[in-house]
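*Asks:* Sequence first, predicted coordinates after that:
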Number of protein chains: 2
Amino acid sequence: MAISTFASSETSYTQKSKHMKIAVLGTGMVGDTIGSRLIELGHDVMMGSRTATNEKAIAFADRHKGKGSAGTYREAASFGELVINCVKGEGSIEALQAASDGLRGKILVDISNPLDFSKGNPPSLIPSLSNTYSLGEEIQKNFPATRVVKTLNTMWCGLMVNPNMIGGGNHTNFMCGNDAEAKAAVRKLLNEFGWKNENILDLGDITNARGTESVLPIWLRVWIATQNGAFNFKIIH
Amino acid sequence: MAISTFASSETSYTQKSKHMKIAVLGTGMVGDTIGSRLIELGHDVMMGSRTATNEKAIAFADRHKGKGSAGTYREAASFGELVINCVKGEGSIEALQAASDGLRGKILVDISNPLDFSKGNPPSLIPSLSNTYSLGEEIQKNFPATRVVKTLNTMWCGLMVNPNMIGGGNHTNFMCGNDAEAKAAVRKLLNEFGWKNENILDLGDITNARGTESVLPIWLRVWIATQNGAFNFKIIH
């Protein structure tokens, strides 16, 4: 009895979330890393892509038989109680438009960055989605019935799902979004990945994506200078 | 003999630089903090401003009688063996143009950020000096005979000159510039402020100012969220 009371408590942050059906949009390294980790944590994951026959998504489903599946963006979003955008920044709006039937009312975790590879290396940000605007805001604007939470976009995907790989897990993950309830739910998922609450910094509403997406220009240069992508920034007070 | 040999070694990073004549351009809090700390370290400082009668510069000189003085941008730059740009980003090029006679061949430490306060709070970056360009590059382009080193622009001025205030001094200061010799000289000055070499990350040439100036959009939001400006970012590996 005591144990089941504890397990149903909504306030304990060490509590595991209930197992969920989660959509991961995007078949790249980020999507695969996030999707695989979610399955390891007990969730059911559908990986969404442009076509139902995407080879990487089918390989993901095969590798995680019983817990992982593959579908179109629309099928995946409809399947998910929560949706994670792991599509490249430049393709995110188009992918989400394809998924839009399934997005309504749901929490969308946005991990993407509006990188512009057309102007050399390291990439810059897409001008129209930088400085005075952001991809996070553009997504929220295009899908007003979806609750967008921007987080995890400032680090290598291995660290997103396993922060304890470095520094005892003590480094900073930023979060922003307009909906407090959605941010609380995403915080629980981050806790499952290993993020301690004191290392998750809620910056406020979705306009703060202008700040977190601006981490990329410095992140990329630190990566080039140190030749090691398994790093993150920690706020020292 | 042994001591004088040690004192003349160019390789010891604990060595104090020789006392220098340094120009601090700008009379705001950053200029005053940097100038006062340089005087505390034994250097002679002239604070430069638009007019020779700037009240803040004269107050600075009065407070540091014998070691501190005040003059125009041009007089200060001519006085300094090394020049530090602490003018606001939007006014930096104009101030440096006024100082240009005195800048030729010298090292210019650029601490400024191209903040644009015209579009609300927190400020964004001046569009023409962001993303695919930077104020650091614009300064280097305008003054090709001056060796620009961008550093210290990613934190509150109290930490610039006294990193040991927080975290045992173990947090990151970025540096970039085209001239290796100039960066080595600036590194010595940073050592005097208390920066350990392992916490000074040289990102490469001056184009990397695109990265370090991009820290501001996230820095400002962390400051707002935490209500504490005495923080810095540390790279965790």
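*Replies:* Arrived safely. Numbers count the residues shown, from 1 in each chain, chains lettered A, B, ... in the order given.

*Asks:* Flag every residue of chain A that's near chain B.
*Replies:* Within reach of chain B by Cβ under 8 Å from any Cβ of the partner chain, chain A has these residues: A:119, A:124-125, A:127, A:130-132, A:166-167, A:170-171, A:174, A:201-204, A:208, A:210-212, A:214-218, A:220-222, A:224-226, A:228, A:230-237. The C-beta positions use only the backbone N, C-alpha and C, and glycine is treated the same way.

*Asks:* so of those residues, which ones are in strands?
*Replies:* Counting by DSSP state E, the residues of chain A next to chain B place A:124-125, A:174, A:201-202, A:232-236 in strands.

*Asks:* and of those residues, the nearest to B:Ala98?
*Replies:* Among these, A:Ser124 lies closest to B:Ala98 (Cβ to Cβ), at 31.7 Å.

*Asks:* which ones are touching that closest one?
*Replies:* A:115-116, A:130, A:217, B:131-132, B:210 (Cβ atoms under 8 Å, 6 or more residues apart in numbering or on different chains).

*Asks:* just these now: which is nearest B:Arg104?
*Replies:* Closest to B:Arg104, out of all of those and judged by Cβ to Cβ, is B:Arg210, at 25.9 Å.

*Asks:* The closest one: how many residues sit nearby?
*Replies:* B:Arg210 has 26 neighbours, counted by other Cβ atoms under 10 Å in any protein chain shown.

*Asks:* and the gap between the residue nearest to it when sequence neighbours are not counted and B:Asn153?
*Replies:* Nearest residue to B:Arg210 in three dimensions, chain neighbours excluded: B:Ser134, at 4.5 Å (Cβ to Cβ, 6 or more residues apart in numbering or on different chains). When distance is defined by Cβ to Cβ, to the nearest Å, B:Ser134 is 10 Å away from B:Asn153.

*Asks:* what do you get for A:Asp202?
*Replies:* Relative to B:Asn153, A:Asp202 is positioned 26 Å away (Cβ to Cβ).

*Asks:* And A:Lys183, by the same measure?
*Replies:* Distance from A:Lys183 to B:Asn153, by Cβ to Cβ: 31 Å.

*Asks:* who's more crowded, those two?
*Replies:* Applying other Cβ under 10 Å to A:Lys183 and B:Asn153 shows that B:Asn153 carries more neighbours, namely 25 against 21.

*Asks:* What residues does that one make contact with?
*Replies:* So B:Asn153 contacts B:110-113, B:212-213, B:215-216 (Cβ under 8 Å, 6+ apart).

*Asks:* Can you classify it by secondary structure?
*Replies:* Here B:Asn153 is recorded as coil under DSSP: H, G, I helix; E, B strand; the rest coil.

*Asks:* what do you get for A:Glu94?
*Replies:* Per three-state DSSP, A:Glu94 ends up helix.

*Asks:* other SSEs contacting the longest helix seen in chain A?
*Replies:* Longest helix in chain A, counting residues (DSSP state H): helix A:180-193. When contacts are defined as 3 or more Cβ pairs under 8 Å, 6 or more residues apart in numbering or on different chains; DSSP states H and E, helix A:180-193 sits against strand A:107-110, strand A:147-151, strand A:173-177, strand A:200-202.

*Asks:* follow-up on the earlier one: which of the contacts of B:Asn153 sits closest to A:Phe79?
*Replies:* For the contacts of B:Asn153, the closest approach to A:Phe79 (Cβ to Cβ) belongs to B:Val215, at 39.1 Å.

*Asks:* For A:Thr11, give me the pLDDT.
*Replies:* Looking at A:Thr11, its pLDDT is 39.

*Asks:* Also A:Lys18?
*Replies:* A:Lys18 is assigned 82 on the pLDDT scale.

*Asks:* hang on, the earlier thing: so the residue nearest to B:Arg210 sits against B:Leu203, correct?
*Replies:* No - at 11.8 Å, B:Ser134 does not count as touching B:Leu203 under the criterion of Cβ atoms under 8 Å.

*Asks:* and chain A, which of the contacts of B:Asn153 reach it?
*Replies:* Applying Cβ under 8 Å from any Cβ to the contacts of B:Asn153, those adjacent to chain A are B:212, B:215-216.

*Asks:* and which of those residues is nearest to A:Ala76?
*Replies:* The closest of those to A:Ala76 turns out to be B:Val215 (Cβ to Cβ; 35.4 Å).

*Asks:* so what pLDDT did that closest one get?
*Replies:* 98.

*Asks:* do the one 5 residues further on as well
*Replies:* What the model reports for B:Leu220 is a pLDDT of 98.

*Asks:* How many residues are close by it?
*Replies:* Using other Cβ under 10 Å, B:Leu220 has 20 other residues around it.

*Asks:* repeat for A:Asn142
*Replies:* If you count neighbours by other Cβ under 10 Å, A:Asn142 ends up with 15.

*Asks:* before we move on, back to that, and the residue nearest to B:Arg210, how far from A:Gly169?
*Replies:* For B:Ser134, the distance to A:Gly169 (Cβ to Cβ) stands at 33 Å.

*Asks:* try A:Ser49
*Replies:* Taken as Cβ to Cβ, the span from A:Ser49 to A:Gly169 is 31 Å.

*Asks:* Repeat that for A:Ala98.
*Replies:* The gap separating A:Ala98 from A:Gly169 is 36 Å, by Cβ to Cβ.

*Asks:* swap in A:Lys106?
*Replies:* A:Lys106 sits 28 Å away from A:Gly169, going by Cβ to Cβ.

*Asks:* A:Met29 now?
*Replies:* Relative to A:Gly169, A:Met29 is positioned 21 Å away (Cβ to Cβ).

*Asks:* now A:Ala95
*Replies:* Distance, A:Ala95 to A:Gly169, by Cβ to Cβ: 31 Å.

*Asks:* more crowded one of the two?
*Replies:* Taking neighbours as other Cβ under 10 Å, A:Ala95 and A:Gly169 compare with A:Ala95 leading, 22 against 17.

*Asks:* Excluding chain neighbours, what is closest to the more buried one?
*Replies:* A:Val87 is the one closest to A:Ala95 (Cβ to Cβ, 6+ apart), at 4.3 Å.

*Asks:* ok now do A:Asp110, which residues does it touch?
*Replies:* A:85, A:92, A:135-136, A:139, A:148-151, A:153, A:209 are the contacts of A:Asp110 under Cβ under 8 Å, 6+ apart.

*Asks:* hmm, try it at 7 Å
*Replies:* Counting by Cβ atoms under 7 Å, 6 or more residues apart in numbering or on different chains, A:Asp110 touches A:85, A:136, A:139, A:148-150.
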